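S.K.: One predicted model, sequence on top.
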Amino acid sequence: METEQQNIEKKSLSFTEGPVFQSLARFALPVLGALILQAAYGAVDLLVVGQFGDASSISAVGTGSTFMQMITFIITSLAMGVTVVVGQHIGEERPRAAGDAVGTGIFLFVIVGVILTVVLECSAGYIAEMMQVPAESYDQAVLYLRICSAGTMIIIAYNLISSIMRGAGDANLPLLFVGIACVVNIIGDLLLTGLLGMDVAGVAIATVFAQLVSVISSVLVLKKKKLPFSFTMKQCRANNTEMKLILRVGVPIALQETMVQISFLVINSIVNKMGLLPSAGYGVAQKIVSFIMLIPSSLMQSVSAFVAQNVGAGKRTRAVRGVLTGIGAGCCLGIFIFLAGFFGGGFLSSLFTDENDVIAQSAAYLRGFAPECILTCIVFSSIGYFNGSGNSLPVMIQGITSALLVRIPLCIFMAGLPNTNLTYIGLATPLTTIYGIVFFAVCFLRIKRKERQSVG
């Protein structure tokens with residue numbers, strides 16, 4: 001008869017057994033749900049401000065939340081190192097090593113959180129200037145950034161807990177935690193901004209408080225849950241072996257994500273130069289894009305966890321099948337999202353604001369961006385494979401080169417065209433993704449050639 005611990009370990013190894021599509025789908029759906037709710041933070045903020053504020057408020061929240069989204073993405077990318085290492089240790093059936101990775105991750109992210117909080121609080125004004133926020137929105141954007149920056153440790157705590165659980169093969173608890181936060185955020189937005197008229201400050205305070213409630217709830221739940229790894233507070237220290245593994249995976253991913261997000265900040269500053277209405281329209285479009293990109297993002301996280309456990313168990317062929325399955329499923333769904341973004345951009349934008357000029361600007365951007373809905377599923381699934389394999393160097397190279405050599409130059413070129421508009425700016429993203437597809441295709445071919453040479 002199997003013991004309870006054996007049952008827990010068996011559950012944690014579910015990625016290594018059974019049909020590939022079902023394994024990915026069971027994991028990806030809760031991840032997608034959590035990402036939808038997480039994206040709802042900024043969307044609800046913008047929705048409430050759009051109803052109770054004006055174009056300057058929309059621009060401030062759109063720009064400020066774009067920057068904070070960048071910080072969140074970088075944190076999540078670094079935490080992917082914890083996801084991968086925990087997943088590989090569980091695949092290797094080493095629960096004690098998985099616990100050491102968790103403790104090392106906590107130690108690392110406490111340090112990162114303290115540094116980030118100080119830096120962001122001191123540089124909020126400079127950030128707003130760097131992003132060339134319109135003068136009408138400057139003070140509100142700085143206020144939004146400072147309030148959200150004060151909650152950096154909370155953002156880190158939530159994303160670290162979610163990364164640990166996903167590495168252990170559990171995507172349901174992160175969904176529960178972010179669901180709690182989303183409900184609290186909606187109530188807070190309506191109370192502080194809608195009822196009390198606190199405008200931008202109200203939505204920022206509501207967002208930070210909602211994430212705090214989510215973190216407290218997650219800690220209370222995890223205290224009562226049996227985990228597929230052994231962990232005590234004594235393990236919250238820098239284990240040299242685990243630290244090297246986490247940083248080897250997480251740092252290249254974080255550097256890649258940093259360059260990608262910086263390139264989008266450059267785009268934001270280019271759009272801000274075009275005036276208040278394009279700035280507000282771009283802010284609305286970016287909230288819609290944050291939802292559009294959830295399917296490829298959920299695929300990336302799911303494929304990373306899937307590949308990590310199968311690589312740890314020595315099942316690399318199954319890991320590759322997971323990547324191909326993710327690409328196929330993602331592209332099929334991406335076709336429908338492309339149609340919604342290309343033809344329904346005006347309707348989607350009208351959900352956030354009733355200002356017709358802002359709606360028109362947002363819809364224009366979405367028409368150019370729409371092909372990305374299909375193309376990015378290929379790139380994100382490929383990123384998931386390399387991340388899960390613990391070989392994140394190609395991901396870093398692709399991210400940096402695409403940002404510096406393709407996306408930013410393309411945007412500058414598009415912005416300089418006669419009679420340019422946001423459609424041309426939006427088109428720069430899918431054109432950049434085509435480069436990423438070619439890059440990863442070359443990487444896969446090189447890996448296969450080396451495998452054949454080693455066998456020969």
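M.R.: Received it, and whenever you're ready, just let me know what you need.
S.K.: mind listing what's buried in the longest helix seen in the chain?
M.R.: If you go by DSSP state H, the chain has its longest helix at helix 55-91. By 16 or more other C-beta atoms under 10 Å, the buried positions in helix 55-91 come out as 55-91. C-beta coordinates here come from the backbone N, C-alpha and C atoms, glycine included.
S.K.: ok, which stretches of the stretch 51-200 of the chain are helices?
M.R.: Listed in chain order, the helices of the stretch 51-200 of the chain (DSSP state H, counting those that start in this stretch) span 55-91, 95-122, 124-130, 138-149, 152-167, 172-189, 199-223.
S.K.: what's the spacing between the longest one and its chain's center?
M.R.: Which is helix 55-91. Per C-alpha atoms, centre = their mean, to the nearest Å, the displacement of helix 55-91 from the mean C-alpha position of its chain is 5 Å.
S.K.: So for Cys377, which of the helices of the stretch 51-200 of the chain sits nearest?
M.R.: Checking the helices of the stretch 51-200 of the chain against Cys377 by C-beta to C-beta gives helix 55-91 as the closest, at 17.8 Å.
S.K.: and the angle from the closest one to helix 199-223?
M.R.: If you take axes from the mean of the first three to the mean of the last three C-alpha atoms, to 10 degrees, helix 55-91 sits at 20 degrees to helix 199-223.
S.K.: tell me the angle of helix 55-91 relative to helix 95-122?
M.R.: 160 degrees.
S.K.: what's the average pLDDT for helix 55-91?
M.R.: Throughout helix 55-91, pLDDT has a mean value of 78.
S.K.: Is the nearest residue to Leu47 once chain neighbours are set aside in a helix, a strand, or coil?
M.R.: For Leu47, ignoring the flanking residues on the chain, the nearest one in space by C-beta to C-beta, 6 or more residues apart in numbering is Phe352 at 5.4 Å. Look at Phe352: counting by DSSP: H, G, I helix; E, B strand; the rest coil, its state is coil.
S.K.: Was I right to think Phe352 contacts Val48?
M.R.: No - under the criterion of C-beta atoms under 8 Å, Phe352 makes no contact with Val48, lying 9.7 Å away.
S.K.: List the contacts of Ala308.
M.R.: With contact set as C-beta atoms under 8 Å, 6 or more residues apart in numbering, Ala308 has these partners: Thr83, Val84, Val85, Gly87, Gln88, Gly91, Gly167, Asn387, Gly388, Ser389, Gly390.
S.K.: go again using 10 Å as the cut-off
M.R.: 15, 80, 83-91, 166-167, 169, 249, 319, 384, 387-390 (C-beta atoms under 10 Å, 6 or more residues apart in numbering).
S.K.: cool, and Gly344?
M.R.: By C-beta under 10 Å, 6+ apart, the neighbours of Gly344 are Ile288, Ser350, Ala363, Leu366, Ala370.
S.K.: Excluding sequence neighbours, find me the nearest residue to the most centrally placed residue in the chain.
M.R.: The centroid of the chain falls nearest to Phe73 when counting by C-alpha atoms, centre = their mean (4.5 Å). The shortest distance from Phe73 to any non-neighbouring residue, by C-beta to C-beta, 6+ apart, is to Glu257 (5.2 Å).
S.K.: tell me which residues in the strand or helix carrying that neighbour are buried?
M.R.: Element membership for Glu257 (DSSP states H and E) is helix 240-273. Buried positions in helix 240-273, judged by neighbour count with 16+ other C-beta under 10 Å: 242-243, 245-250, 252-272.
S.K.: before we move on, back to that, got the contacts of Gly344 as CSV, with distance to Ala210, pLDDT and secondary structure columns?
M.R.: CSV is the format used below for those (distance: C-beta to C-beta, whole Å; pLDDT from 0 to 100; DSSP: H, G, I helix; E, B strand; the rest coil):
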residue, distance to Ala210, pLDDT, secondary structure
Ile288, 21, 85, helix
Ser350, 26, 88, helix
Ala363, 30, 92, helix
Leu366, 27, 93, helix
Ala370, 31, 91, coil
